[in-house]
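> model this:
(chains A and B)
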Amino acid sequence: GQNIDQPTEMTATEGAIVQINCTYQTSGFNGLFWYQQHAGEAPTFLSYNVLDGLEEKGRFSSFLSRSKGYSYLLLKELQMKDSASYLCAVSPGNTPLVFGKGTRLSVIA
Amino acid sequence: SQTIHQWPATLVQPVGSPLSLECTVEGTSNPNLYWYRQAAGRGLQLLFYSVGIGQISSEVPQNLSASRPQDRQFILSSKKLLLSDSGFYLCAWSAGSYGYTFGSGTRLTVV
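Next up is the predicted model:
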C-alpha cells in the first residue's frame, strides 16, 4: 500500500523557523515533492528530492532520507504569507504521485 | 513555456444536473493529465489520470467520468451531480513521473 503521514496542523511565530515532517511508505520511490497551497488556491511546487540530503532554495529547504522513509521541509524567517498548507507527495515510479493530507501552517505575529 | 488552463473557476449546479469541466495544456506534447478533487479542509483525492489520447485510468468508482479527446485536453463529466460531488476540482499535468503543475482549480457547489 501507499501511505504518507504528516502533521495536520502547526503554528509558528513570524521570524521563526519551522520544520514540517513527512514519513512515507510506498511501493516504489522515484522522488519526493513538497507543494504549498494557500487557501482556495491550487498547489504550487516548492521542492524535489530524489537523493538523500538537503536541498536549499532561499528560505525553504527540504531534506530526504530514503532509508528512513523520511523528509522534512524547513522554513526559515517565517513571514505571514507563509501561512498555507504544505503537501508532501511521493512518486512511486510509473504511477501517479501519492499525496499526504497536508499540514496547515499558521504563522502568528 | 508550458501553461495549463482550467475553467470555469466557480460553478453552482443543482443536484441532478450534468457537469463538464475542461482542462487544456499548452507548450508540451503527450503530457500525463490528472483530475483531483479536494473536499473542504481535506487532502487531494485522485479521480482520473491519462497517459495518452483515449486512455483513462479511474481511481475512485463514482458518478464521474473523464475523457481525453485530444492530446492536451482533459474533460471531467457527470450526467447527474450529487451533493457529495461538491469540492475543489484540480487538473494537473506532468512529463512522465516528474512533479505536477496544477491548473487554477474549479470550485463546484452542488445545491
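> Find the nearest non-adjacent residue to the residue of chain A found nearest chain B, please.
Per CB to the nearest CB, A:Lys101 is where chain A lies closest to chain B, at 3.6 Å. Yep, even glycine has a C-beta here, placed from its N, CA and C like the rest. Of all residues beyond its chain neighbours, the one nearest A:Lys101 is B:Gly43 (3.6 Å), with distances taken as CB to CB, 6 or more residues apart in numbering or on different chains.
> ok, that neighbour touching A:Val98?
No: using CB atoms under 8 Å, B:Gly43 is not in contact with A:Val98; the gap is 10.4 Å.
> Enumerate the residues of chain A near chain B.
A:30-31, A:33, A:40-45, A:48, A:87, A:89, A:91, A:93-94, A:96-97, A:99-102 (CB under 8 Å from any CB of the partner chain).
> again, only using 10 Å
Within chain A, the positions near chain B by CB under 10 Å from any CB of the partner chain are A:4, A:6, A:8, A:28, A:30-35, A:37, A:39-48, A:85, A:87, A:89, A:91-102, A:104.
> Which ones among these map onto strands?
A:4, A:32-35, A:37, A:44-48, A:85, A:87, A:89, A:98-99, A:104 (DSSP state E).
> quick one: pLDDT of residue 97?
No chain was given, so I picked chain A. Per-residue pLDDT puts A:Leu97 at 91.
> that's the wrong chain, I meant chain B
62.
> cool, the one 5 residues further on as well?
B:Phe102 is assigned a predicted lDDT (pLDDT) of 96.
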